[in-house]
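# fold the following, please.
(chains A and B)
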Amino acid sequence: MIKIQILGTGCPKCKRLAENVEAAAKESGIECEIEKVTDINKIMSFGVMMTPALAIDGKVVSAGKVLSVDEIKQMM
Amino acid sequence: MWFKNNWKKLSLIGGVFLVFYFLPADSPRFNNALGESLRLAKDYAREHVLLCLVPAFFIAGAISVFLSSASVMKYLGAGANKFLAYGVASVSGSILAVCSCTVLPLFAGIYKMGAGLGPATTFLYSGPAINILAVILTARVLGLQIGIARAVGAITFSIIVGLLMHLIYRKEQITKAVSQTITPQTESGRPLWKNIIYFASMVGILVFANWAKPAGQSELWHTIFSIKWIITGIFTLILIISLSLWFKAGELKDWAESTWGFAVQILPLLFIGVLVAGFLLGRPGEQGLIPSKWVNAAVGGNSVRANLFAAVAGAFMYFATLTEVPILQGLLGSGMGKGPALALLLAGPALSLPNMLVIRSVLGTQKTLVYITLVIVMACITGLIFGAFF
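Presented below is the predicted three-dimensional model:
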């Protein structure tokens, strides 16, 4: 069970990333918990300045980019 | 139970019903406003979409893909040179802030992890005003003068606002949230001069394709106007050559995707903005639903009151990316002064009620109030100066 966090204030790019993450989770069949972090202070506490960003198990793996479904699957 | 689940739909249906029940469909003013709304949309479709917006989307897309934001963030990070930080913060909005949703996280990041309050507020103020799409469309629709004044005014006053915030709160030390910031990796080893040629050719296409028929007698402008399509063609050729020589297929795909992203994100809002502006204010020289008299009384001329009114209204109103342009076009056409127009442009996109709340959650209530006051006063003063000269 891994924990995936999507960091973003709710802009269109962040929503696209969230959709891709959900699709990636479904396709790969890996069990995971997806959480959207929208509070800007919490986002900062990850050390991220460029949103949308993606954190897996509390570790930031990407910032400032909408990852494709395949890229996310690789990271999982 | 049924009511609890469906009250939203019910009130929506009820609301639409009431609107149409009382629709003043026979009133000439209403019908005229409806017509103006459609005519303004047609104007935009004919005049601004193909030659201005489409190239601008491609440039914005290219900026977000090919210019490394990481290299800019270096100058705004924790160990940054303070003087350099203000300068970089004031202009980096044109590169970093092409999407309005990126401004606030970057602002919070610069404040909490990077160069501190001053540069952060500088960035917050200038970012939305000088993003490349906004400047291009402002210059194209509202005239070169206001376009340039908007960019220059935003840069100058962003530095002043940032410095003032820094001076007011210079005693305060915040504990940095995290020492290490995570920024996207720099990629692509293309040398700088190749990027410059690539961007210059796109800007060249944009500038010369939009070269307006000159009103004055200037020889040079006439000559350029008569051969503008040849020049545009040359730039297009340079662009095509640089793309085929230096770019990988994957990069072109990224570029196309991010251009498409901007278009999808911005066009619907802009379209609605144009329709609403046309409906309420009409095209320049025509009247919409709101009488020109009212506009003239509120923000006509270049009085302190008109500038202040425009600045305050702009600060609280929410403008979706670029919609400030058609709205201002309508207002200017209805008799708004150029000074107040600039005041609204400077206060408008930088602030809105929703983003004030986010800023407050980062800075706290007091600093936010100081910031808002500074922005309104600055916008008002810049408007006054601009209105006095033009």
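# packing partners of the lengthiest helix in chain A?
Counting by DSSP state H, the longest helix found in chain A is helix A:12-28. Counting by 3 or more C-beta pairs under 8 Å, 6 or more residues apart in numbering or on different chains; DSSP states H and E, the packing neighbours recorded for helix A:12-28 are strand A:2-7, strand A:32-37, helix A:69-75, helix B:249-281. (C-beta placed from N, C-alpha, C; glycine too.)
# closest one to residue B:198 among these?
Nearest to residue B:198 among these is helix B:249-281 (10.3 Å), distances taken as C-beta to C-beta.
# quick one: the helix or strand just after that closest one to helix B:249-281, angle?
Once the chain leaves helix B:249-281, the next helix or strand it forms, by DSSP states H and E, is helix B:292-299. In terms of direction (axes from the mean of the first three to the mean of the last three C-alpha atoms, to 10 degrees), helix B:292-299 departs from helix B:249-281 by 110 degrees.
# end-to-end on stretch B:14-27?
23 Å (C-alpha to C-alpha, to the nearest Å).
# mean confidence score for that stretch?
Taken as a whole, stretch B:14-27 has a mean pLDDT of 87.
# can you pull the residues of chain A lying near chain B?
A:8-14, A:39-41, A:43-51, A:53, A:60, A:62-66 (C-beta under 8 Å from any C-beta of the partner chain).
# drop anything exposed from those.
A:8-9, A:11-14, A:40, A:43-44, A:46-51, A:53, A:62-66 (16 or more other C-beta atoms under 10 Å in any protein chain shown).
# coming back round to it: and among the helices and strands packed on helix A:12-28, the most buried is which?
strand A:2-7 (a mean of 20; mean count of other C-beta atoms under 10 Å in any protein chain shown).
# pairing partners for that strand, with directions?
Its sheet considered, strand A:2-7 pairs with strand A:32-37 (parallel), strand A:53-56 (antiparallel) by DSSP bridges.
# outside of it, which residues touch it?
A:14, A:17-18, A:21, A:25, A:30-37, A:42-43, A:46, A:48, A:51-58, A:60, A:76 (C-beta atoms under 8 Å, 6 or more residues apart in numbering or on different chains).
# cool, stretch B:158-169 as well?
For stretch B:158-169, contacts defined as C-beta under 8 Å, 6+ apart pick out B:86-87, B:89-90, B:116-123, B:125-126, B:129, B:367, B:370-371, B:374-375, B:378.
# at 10 Å instead, please
Applying C-beta atoms under 10 Å, 6 or more residues apart in numbering or on different chains, the contact partners of stretch B:158-169 are B:82, B:85-87, B:89-91, B:93, B:115-127, B:129-130, B:172, B:346, B:350, B:363, B:366-367, B:370-371, B:374-375, B:377-379, B:381-382.
# now do stretch A:9-17
So stretch A:9-17 is contacted by A:6-8, A:18, A:36-40, A:43, A:51-54, A:62, A:64-68, A:72, B:99-102, B:104-105, B:108, B:258, B:261, B:264-266, B:355, B:358 (C-beta under 10 Å, 6+ apart).
# can you redo the helices and strands packed on helix A:12-28 as TSV with distance to residue B:135 and mean pLDDT?
Converted to TSV, these look like this (distance: least, C-beta to C-beta, whole Å; pLDDT from 0 to 100):
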stretch	distance to residue B:135	mean pLDDT
strand A:2-7	29	86
strand A:32-37	32	85
helix A:69-75	33	81
helix B:249-281	14	84
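# geometric centre of chain B: which residue is closest?
Geometric centre of chain B, nearest residue: residue B:134, 3.5 Å, by C-alpha atoms, centre = their mean.
# element containing it, please.
Per DSSP H and E: helix B:132-142 holds residue B:134.
# show me how far that helix is from its chain's centre.
8 Å (C-alpha atoms, centre = their mean, to the nearest Å).
# and that helix, what's its mean pLDDT?
On average, helix B:132-142 scores 84.
# quick one: which of the strands paired with strand A:2-7 is nearest residue B:288?
strand A:32-37 (40.5 Å).
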